[in-house]
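Chemist: build the 3D model from these lines:
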Amino acid sequence: MNTLQIAFRNILRNYRRSFASVSIIGICAFSILLFGGFVSSIKFGMETNFVQTNGHLHVYPEGYFEFGSGNPGAYGISDSEKIIADLEQDDFLKSKINVISPFLTVYGIVSSYDKNVSKTFVGRGIIPSQVNQMKHWIGSLVKNPAITDIGFSDADAEAGVVGVGMGRMLRLCQELNIPDCKVEAGKASQAPEQNKAQAPEQNKANLPEIPDEPEAAKQDKRPRLDLLVAGSSGAPNVVSVYLNQAVNQGVKELDENYLALQLSQAQKLLYGSQEKKVSGLVVQLKETKMMPEVQKYLVEHLKKFSSQRFEVKTFTQVMPVYDQVMQLFNLIFSFISMIMGVVVISTLVNTMTMNVVERFNEIGTLRALGVRRRGILALFVTEGILLGLLGTILGDLLAIGVGALINSMHLTWTAPGSVRPAPFVIQIFASPSSLPLTALKLIVISMIASFFPARKAANLQVVDALRHT
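Modeler: The predicted model follows:
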């Protein structure tokens, strides 16, 4: 007996019921694949956003990650230029690293003398050209729009950018062209000359002492901020920064405290005339899949610098929101897959049970002709597998077609922690195994679902089956 051929003919005998079963299985496969493509889009979109901003790996002095924000001056990397040069020339690393960039985090008070206002800030000293190079990194299967650079160049020694919330609190809405920027009631911006003339002595006492501006600085029309930081030696240090623009940071708390400035300016603030150090090194790789081996190699390689001890953190450790979001979506995906599996099982159990009940006489005839129980079992299980296979093929084709349609619409979305819209694409082929694995799982579920009605058919007594009406 050709089991496969007979099973295929049997599912065509009641084509309406078979079509309904295949359609339901196809919809389940379609739902799983489409949502899986959506989760892949979220994953790669967030990964690209985080890597463009924070790189793949962070190299810190030991203890900085846990305690550095309380005393940044005590946790600095000495000879960062020497370490960077060594890493860039390493035979193992040079083919894997895209950018190595130092950074320095400082905490202090920022004052706008013209607006007679001050507040706390979190500053990040960077090298703009290297940060801009990092922003042009493109992740796997991600088609990015135009990249927005950091907002100032290496040559602009006193330039900086602030978060939109910081600009609003410093009353620089007009100067920085911040859209939809609300002005605090009763404290609208005054002209600099009028503000200086009316500033009382008690207000001046609340601001750090600001050195006189040089003639070149007086001609700079950009908004000026004066930064006060307690230096590593304990004495306060002050530098001036001229703002190019305000950039939304995506998170309100960060946006209201963020200030980016030249690394050299941040070093002046924190270390004054002492040895200039950095808080850490950002390492951006050419591909994310290289991250585990490079992290392991860096941990061992940096031990050669015996003057300091280092720790290497991944971007998922530095930005735990990435893992948290992905765990949420993976949980939702697993729940949806479980629901779809239950739907497939209930559909096939019902379909195969009806097939068995309608074919009692046929089963009795086959058994009377000498077909063994395992032959009957194999026949009905094969029918269930064929229904699952046809439904999976239908679902795959639907998912590919609808995914291509959605991708052609050029939709965008904004990832958590980002303010720049990214293309929204359904990445069904993000994992080469997604289609075959989904098909395999649904076929296995179909086989399991059809096994119990098939066993009932195989266990029928020949006499009872033949006299059934």
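Chemist: in the stretch 251-400 of the chain, where is pLDDT below threshold?
Modeler: 306 (pLDDT under 70).
Chemist: and the helices in it?
Modeler: Taking DSSP state H, counting those that start in this stretch to define them, one finds helices in the stretch 251-400 of the chain at 252-255, 263-271, 291-301, 315-318, 321-358, 360-368, 373-408.
Chemist: what residues does the third one touch?
Modeler: Residues outside helix 291-301 that contact it (CB atoms under 8 Å, 6 or more residues apart in numbering) are 56-57, 59, 87, 90, 92-93, 96-97, 283, 285, 310-312, 314. Glycine gets a C-beta too; all of them are placed from N, C-alpha and C.
Chemist: off-centre distance for that helix?
Modeler: How far helix 291-301 lies from its chain's middle: 22 Å, per CA atoms, centre = their mean, to the nearest Å.
Chemist: buried stuff in it?
Modeler: Met291, Val294, Gln295, Tyr297, Leu298, His301 (16 or more other CB atoms under 10 Å).
Chemist: Leu254 touches Val164, doesn't it?
Modeler: No: taking contacts as CB atoms under 8 Å, Leu254 lies outside contact range of Val164: 10.7 Å.
Chemist: who's more crowded, the two?
Modeler: Higher neighbour count among Leu254 and Val164: Val164, with 24 against 15, using other CB atoms under 10 Å.
Chemist: I figured that one hits Ile178, correct?
Modeler: Yes: with contact defined as CB under 8 Å, Val164 counts as touching Ile178 (5.6 Å).
Chemist: now the biggest strand by length in the chain against helix 263-271, angle please.
Modeler: Ordering each strand of the chain by length in residues (DSSP state E) puts strand 97-112 first. Strand 97-112 and helix 263-271 meet at an angle of 60 degrees, taking axes from the mean of the first three to the mean of the last three CA atoms, to 10 degrees as the criterion.
Chemist: what is strand 97-112 packed up against?
Modeler: helix 80-89, strand 117-126, helix 128-135, strand 224-230, helix 263-271, strand 280-285 (3 or more CB pairs under 8 Å, 6 or more residues apart in numbering; DSSP states H and E).
Chemist: in the sheet, who's paired with Phe103?
Modeler: Note on Phe103: beta-bridge partners by DSSP bridges are Gly280.
Chemist: tell me the angle of the longest strand of the chain relative to helix 80-89?
Modeler: Using the same axes, to 10 degrees: strand 97-112 against helix 80-89 is 150 degrees.
Chemist: and strand 97-112, C-alpha only, in PDB?
Modeler: Only the C-alpha atoms of strand 97-112 are listed here, as PDB (Å, rounded to 0.1, in the frame of the first residue of the first chain):
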ATOM      1  CA  ILE A  97      37.700  47.000  15.200                       C
ATOM      2  CA  ASN A  98      35.900  49.800  13.400                       C
ATOM      3  CA  VAL A  99      36.500  52.600  16.000                       C
ATOM      4  CA  ILE A 100      38.200  53.000  19.400                       C
ATOM      5  CA  SER A 101      37.200  56.300  21.000                       C
ATOM      6  CA  PRO A 102      38.000  57.700  24.500                       C
ATOM      7  CA  PHE A 103      35.400  59.500  26.600                       C
ATOM      8  CA  LEU A 104      35.300  61.300  29.900                       C
ATOM      9  CA  THR A 105      32.200  61.700  32.100                       C
ATOM     10  CA  VAL A 106      32.000  64.800  34.300                       C
ATOM     11  CA  TYR A 107      29.400  66.000  36.800                       C
ATOM     12  CA  GLY A 108      28.900  69.600  37.800                       C
ATOM     13  CA  ILE A 109      27.000  72.900  37.500                       C
ATOM     14  CA  VAL A 110      26.300  74.700  34.300                       C
ATOM     15  CA  SER A 111      25.400  78.400  34.200                       C
ATOM     16  CA  SER A 112      24.100  80.700  31.600                       C
END
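Chemist: helix/strand/coil for Ser95?
Modeler: coil (DSSP: H, G, I helix; E, B strand; the rest coil).
Chemist: phi, psi of it?
Modeler: phi -90, psi -10 (degrees, to the nearest 10).
Chemist: distance of it from Glu287?
Modeler: 11 Å (CB to CB, to the nearest Å).
Chemist: what do you get for Lys268?
Modeler: Relative to Glu287, and taking CB to CB, Lys268 is found at 37 Å.
Chemist: and those two? Which one has more around it.
Modeler: Using other CB under 10 Å as the criterion, Lys268 and Glu287 rank with Lys268 on top: 21 against 12.
Chemist: give the bridge partners for the residue lying closest to the more buried one once chain neighbours are set aside, please.
Modeler: Spatially, and ignoring its direct neighbours in sequence, Lys268 is nearest to Val239 (5.4 Å; CB to CB, 6 or more residues apart in numbering). Val239 has these beta-bridge partners by DSSP bridges: Leu227.
Chemist: for this protein, give the helix that spans the most residues.
Modeler: For the chain, the longest helix by residue count, based on DSSP state H, is helix 15-54.
Chemist: for that one, packing partners?
Modeler: Applying 3+ CB pairs under 8 Å, 6+ apart, one finds that helix 15-54 contacts helix 128-135, helix 315-318, helix 321-358, helix 373-408, strand 422-423, helix 434-458.
Chemist: and the second one, what's buried?
Modeler: It stands for helix 315-318. Phe315, Thr316, Val318.
Chemist: how does the chain divide into domains?
Modeler: Domains of the chain are assigned by automatic domain parsing as 3-47+323-466, 63-308.
Chemist: re earlier: could the helices and strands packed on strand 97-112 go into a markdown table alongside distance to Phe429?
Modeler: Conversion of those to a markdown table gives the following (distance: least, CB to CB, whole Å):
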| stretch | distance to Phe429 |
| --- | --- |
| helix 80-89 | 35 |
| strand 117-126 | 36 |
| helix 128-135 | 27 |
| strand 224-230 | 48 |
| helix 263-271 | 41 |
| strand 280-285 | 23 |
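Chemist: the longest strand of the chain to strand 117-126, inter-axis angle?
Modeler: 160 degrees.
Chemist: any idea how far strand 97-112 is from the middle of the chain?
Modeler: Relative to its parent chain, strand 97-112 has a centroid offset of 22 Å by CA atoms, centre = their mean.
Chemist: got it, and stretch 74-86?
Modeler: Distance, centroid of stretch 74-86 to centroid of chain: 29 Å (CA atoms, centre = their mean).
Chemist: any idea how far apart the tips of it sit?
Modeler: 24 Å (CA to CA, to the nearest Å).
Chemist: pLDDT of it, averaged?
Modeler: The average of the pLDDT scores along stretch 74-86 is 88.
Chemist: buried stuff in that stretch?
Modeler: Buried, per 16+ other CB under 10 Å, within stretch 74-86: Tyr75, Gly76, Ile77, Ser80, Ile83, Ile84.
Chemist: which two of these have the greatest separation?
Modeler: Maximum pairwise distance in the buried residues of stretch 74-86, criterion CB to CB, is 17.9 Å, between Tyr75 and Ile84.
Chemist: give me the number of residues near Phe452?
Modeler: 15.
Chemist: that one contacts Val349, correct?
Modeler: Yes: between Phe452 and Val349 there is a contact under CB under 8 Å: 6.7 Å.
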